[in-house]
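[1] only the shape, not the letters, is given here:
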């Protein structure tokens, strides 16, 4: 058989595709690992090392494949298409549902690495009769490296931002399946098995196409692009859609699409939520109640006070509190607040909890989502604050998240007026949180509460607040000063429509 | 929207055999037809031998009926220390304020809200205060209500031209003529709401009997509501629908069969205005007015027996003799109860069959509309902005309420209570037709009625329980006040020396406050007959 000097462009293209996809899987694994486990240098390092090692195993193992080379090659391509293609969704599923993420990740890297390691040696052997060894090795390996460059540029610049990690993974899997299909035409066939192989290719491709379509239709496509950052956690509870995203250093939590915090500046929000209220109380609280705040970030701040004896956190949605009890990113943010023995988490309706509890609390932190609908709006009514009042002794303090006094000025002051109507004296305050804008809270207590002058913590513990900043929080410039709006009651809830109207103006 | 056929619905509710087809994959809907016991009741109509041979039992006061009137009488007598024996035909208490406790949330079987009563409705406010529903009184003497019992926002919505609007009046979607009519109607309504008749009484108020006797106002009772609207030049389609929705909701009758006085009373009799009532002034509990019944009967001093068909009441020297059939335990068993007095808390048409001719003649019998109430047990995605009352424009029904609305905890499971009043002139025929229909046919009617707004409701519904109320509420037809053979607002309480009557048929208009007051009035009258001092009147 005479050896030709050239390989067909289709074959060359296939080599590039194989090389590109091999590297993309590695990058996907590395990205998932750094999203979920953090510490991206270490994670990328481990993934690359393991992957290359696994490729070595594959290359070595290739010598044991002696017969039916083309069939084996096509089958390996299809296996890569399946395992690699579904690697991102599978890892994601393991992470959200089963928890054994590390084991799954490294097994997956090992498996894909071995399969990819088999590819090039087999391809070279398939082509060995078409080209001299020196030409063959030169062509195939150079194209392999070109493909790697291609992948390393394409993945971070185009694939990840445009398609998101899941679709990238499935799309690249589809490319592998197409190479397998092409191979049945381009390479010499043995034993006339072509039809069966092609059918297998078609089945795998169809599976991946269905995956992509289903993903587009049902899954996180909107969010993946809408939130502008890759989603590392998402679930739908009976109450809300929970989405966490991570980009470089920033973790964000969204409930029903509404930003709850951004790890960049949540310290400003949570320090202001907790510490001025404790300062107004005038001593470290012993019995603390947190309503809402299922992210545990307010609890983290409360645990800075050694005198705290118990913190009861009441959040309706177990799906949220579970994330922040179990998922590494969440635990890292709240410093494992939910594992502290002083903390009790109760997944109940706050309204009902206040009705039933007999306990008194020196400090109550109320951190619900904004009153954007009538169900949440119930937690901003006179009736709710009257119940709250009954659980706080005369010298106790409550602090309540009350939306932005700048973007939703009337809403903010309506909440403050409603709290005051429940027999509280109120000290409204505000702080600038870059990812939210100007944000507001109301400190509420018995007669005669005054703006605190000092914190109940040693200076230097906090990133944002110091005693000097305290008076500033309670001063309202003209463009967000008090307006008379009325009271929010259960049987009326004007707050919901005012709030919606005010925020709509800014979002238009 | 996929076209929905009766066949689909029947298949969906598991009655596939009826249409000779089966749609695979659909979970059938469960349900029962719980009925006011008309079949037993009709034994009475069709003539029934009295069981005179039974050994006689003794009781202090017998109350026949456990609806609002009977329960209120029991409540009042308990406070006076009088022991009662309450006889109820149905296995459940409350009459048309009955309720159910099964499923995700308690739910009404009939009356499902109480508008904040006027200060003059003293007995009703006393009750609410006892229940903790009135929490205090302001400087003007107006009651303050427990905020969480007032209907939580949003209270109502209307499905109008393929979309939901957040109020029964979709202002933006109406044309200029309709808006003009509504504005005119609003002005007339405000006029009558504050109008004082020449006798110094408010034109329309609750209690009904405190309303003005001014002949000019009473003349409205000779008109139908439809004629009044004509007279005012209110002809637009939406305007007519809006008012007719009210007359069907409150009286179970169309504009053409309701006294204009009653129609205007509905819109103009609520006087209470406090800061708290800028929002909804409806008191709403999951079980509806069953909550009120529970409290009233919770105070009952004596015994309550169900499955008791009273067949006759006769005056005997020094007391009354009540004949009844105990139908609650298999074979009907005759009983005779000798009591010192009796309170008849049943509609006039039933009372006439129980009493001797002379007292029977003093009863007023009213035409009553049949109703079908459905409780749909559903599980669906929680909607944080769901209204309590959902009405479909120009549908045959009155729409539905969400019995779980007053819960604060979001829940996917709830019970929707769907109401349909059967108006029309031939009440008897409609009633017979309804009583002859089976569960599947009535249930599919409910789904069909809601289909324009909820085409896939069957998929989220696990059961539909139905109640046919053959005689749900009196219709205040033209002349109900002025042509009843007595003076307007004149109430006959004592039918005989020791038999008192307590029922909204006395008012001709089904209002909780009226039923409650009639019960209290009857109880106080009986105290006087028995020589018991009930203390100051609660009225």
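    All right, it came through fine. Please read all numbers here as calculations on a predicted model, not as lab measurements.

[2] CA atoms for contacts and neighbours, from now on please.
    Noted.

[3] what does the stretch 51-200 of chain B put close to chain A?
    Within the stretch 51-200 of chain B, the positions adjacent to chain A are B:147-148, B:150-155 by Cα under 8 Å from any Cα of the partner chain.

[4] in TSV: these, plus neighbour count and pLDDT.
    What follows is those, written out as TSV (neighbours: other Cα atoms under 10 Å in any protein chain shown; pLDDT from 0 to 100):
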residue	neighbour count	pLDDT
B:147	21	93
B:148	22	93
B:150	28	97
B:151	26	97
B:152	29	97
B:153	25	95
B:154	26	96
B:155	24	96
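
[5] restricted to helices, list those residues.
    With DSSP state H as the criterion, helices contain none of those.

[6] list the buried residues in the longest strand along chain B.
    When chain B is parsed with DSSP state E, its longest strand is strand B:461-474. The neighbour-count check on strand B:461-474 (16 or more other Cα atoms under 10 Å in any protein chain shown) flags B:461-474 as buried.

[7] any regions of chain B where pLDDT drops low?
    Counting by pLDDT under 70, the low-confidence segments of chain B come to B:1-27, B:36-39, B:44, B:46-54.

[8] tell me the contacts of the most centrally placed residue in it?
    Nearest to the mean C-alpha position of chain B, by Cα atoms, centre = their mean, lies residue B:111 at 4.3 Å. Residues in contact with residue B:111 (Cα atoms under 8 Å, 6 or more residues apart in numbering or on different chains) are B:96-98, B:288-290.

[9] Three-state assignment for it, please.
    Three-state assignment for residue B:111 (DSSP: H, G, I helix; E, B strand; the rest coil): coil.

[10] that's a helix at residue B:323, yeah?
    No - Residue B:323 is assigned strand when assessed by three-state DSSP, not a helix.

[11] give me the element the nearest residue in space to residue A:365 that is not next to it in sequence is part of.
    Spatial nearest neighbour of residue A:365, chain neighbours left out: residue A:290 (4.7 Å); criterion: Cα to Cα, 6 or more residues apart in numbering or on different chains. Residue A:290 is part of strand A:287-292, with elements assigned from DSSP states H and E.

[12] so after that strand, what's the next helix or strand?
    helix A:297-302.

[13] residues in contact with that following helix?
    Contacts of helix A:297-302 (Cα under 8 Å, 6+ apart): A:270-271, A:273-275, A:290, A:308, A:311, A:333-337, A:365.

[14] which members of those residues are the farthest-apart pair?
    Spatially, the most separated pair among those is A:308 and A:333, at 20.3 Å (Cα to Cα).

[15] which one of the contacts of helix A:297-302 is nearest to chain B?
    residue A:290 (17.3 Å; Cα to the nearest Cα).

[16] and the closest one, what does it touch?
    Here residue A:290 is in contact with A:298-299, A:311-314, A:364-367 (criterion: Cα under 8 Å, 6+ apart).

[17] do residue A:169 as well
    A:24-25, A:28, A:84-88.

[18] direction included, what does the strand holding residue A:290 pair up with?
    Here strand A:287-292 has these sheet partners by DSSP bridges: strand A:310-314 (parallel), strand A:363-367 (parallel).

[19] coming back round to it: by neighbours, which of the contacts of residue B:111 wins?
    residue B:290 (29 neighbours; other Cα atoms under 10 Å in any protein chain shown).

[20] quick one: contacts for residue 473?
    The chain I'm using is chain A. Residue A:473 sits in contact with A:429-431, where contact means Cα under 8 Å, 6+ apart.

[21] let me rephrase: I mean chain B.
    Here residue B:473 is in contact with B:251-252, B:368-370, B:509-510 (Cα under 8 Å, 6+ apart).

[22] now with 7 Å?
    Contact partners of residue B:473, counting by Cα atoms under 7 Å, 6 or more residues apart in numbering or on different chains, are B:251, B:368-369, B:510.

[23] cool, and residue B:248?
    B:254, B:421.

[24] for residue A:424, see how far away it is.
    Relative to residue A:424, residue B:248 is positioned 46 Å away (criterion: Cα to Cα, to the nearest Å).

[25] separation between the residue nearest to the centre of chain B and chain A?
    20 Å (Cα to the nearest Cα, to the nearest Å).

[26] again, but for residue B:356
    Taking Cα to the nearest Cα, one finds residue B:356 at 50 Å from chain A.

[27] and that residue, what is it in contact with?
    Counting by Cα under 7 Å, 6+ apart, residue B:356 makes contact with residue B:314.

[28] phi, psi of it?
    Main-chain torsions, residue B:356, degrees, to the nearest 10: phi -70, psi 160.

[29] before we move on, what about residue B:350?
    Torsion angles, degrees, to the nearest 10, at residue B:350: phi -80, psi -40.

[30] count of neighbours near residue B:40?
    Neighbours of residue B:40 (other Cα under 10 Å): 14.

[31] ok, residue B:411 - contacts?
    Per Cα under 7 Å, 6+ apart, neighbours of residue B:411: residue B:382.

[32] hmm, 8 Å instead?
    Per Cα under 8 Å, 6+ apart, neighbours of residue B:411: A:238, B:382.

[33] give me the element it is part of.
    With DSSP H and E as the criterion, residue B:411 is inside neither a helix nor a strand.

[34] ok, it to residue A:457 distance?
    41 Å.

[35] could you do residue A:330 as well?
    25 Å.

[36] and those two? Which one has more around it.
    Using other Cα under 10 Å, the more surrounded residue of residue A:330 and residue A:457 is residue A:330, with 23 against 18.

[37] grab the nearest non-local neighbour of the more buried one.
    residue A:324 is the one closest to residue A:330 (Cα to Cα, 6+ apart), at 4.5 Å.

[38] and the one you found, which of the three is it?
    With three-state DSSP as the basis, residue A:324 sits in helix.

[39] what about it, how many residues nearby?
    A total of 25 residues lie near residue A:324 under the criterion other Cα under 10 Å.

[40] and chain A, which residues reach chain B?
    A:238-239, A:349, A:351-352, A:373-376, A:378, A:383, A:489-493.

[41] mind doing that once more with 7 Å?
    Counting by Cα under 7 Å from any Cα of the partner chain, chain A comes close to chain B at A:239, A:349, A:351, A:373-375, A:383, A:490-493.

[42] still on that earlier bit, just send the contacts of helix A:297-302 back as CSV, with secondary structure and pLDDT too.
    Shown next, in CSV, are the contacts of helix A:297-302 (DSSP: H, G, I helix; E, B strand; the rest coil; pLDDT from 0 to 100):
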residue, secondary structure, pLDDT
A:270, helix, 97
A:271, helix, 97
A:273, helix, 98
A:274, helix, 98
A:275, helix, 97
A:290, strand, 98
A:308, coil, 97
A:311, strand, 98
A:333, helix, 93
A:334, coil, 95
A:335, coil, 95
A:336, coil, 94
A:337, helix, 96
A:365, strand, 98
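
[43] hmm, back to that, for the contacts of residue A:290, which one is nearest chain B?
    Closest approach to chain B among those (Cα to the nearest Cα): residue A:314, at 12.6 Å.

[44] isn't the closest one up against residue A:345?
    Yes - taking contacts as Cα atoms under 7 Å, residue A:314 lies within contact range of residue A:345: 6.1 Å.

[45] these two: which has the busier surroundings?
    residue A:314 (25 against 18).

[46] what's near enough to touch the more buried one?
    A:290-292, A:345-348, A:350.

[47] and chain B, what are its domains?
    Chain B is divided into the following domains under automatic domain parsing: B:6-30+B:99-110+B:368-474, B:38-91+B:306-366+B:477-530, B:177-278.

[48] could you export those as TSV, including distance to residue A:156?
    Shown next, in TSV, are those (distance: least, Cα to Cα, whole Å):
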stretch	distance to residue A:156
domain B:6-30+B:99-110+B:368-474	38
domain B:38-91+B:306-366+B:477-530	70
domain B:177-278	57
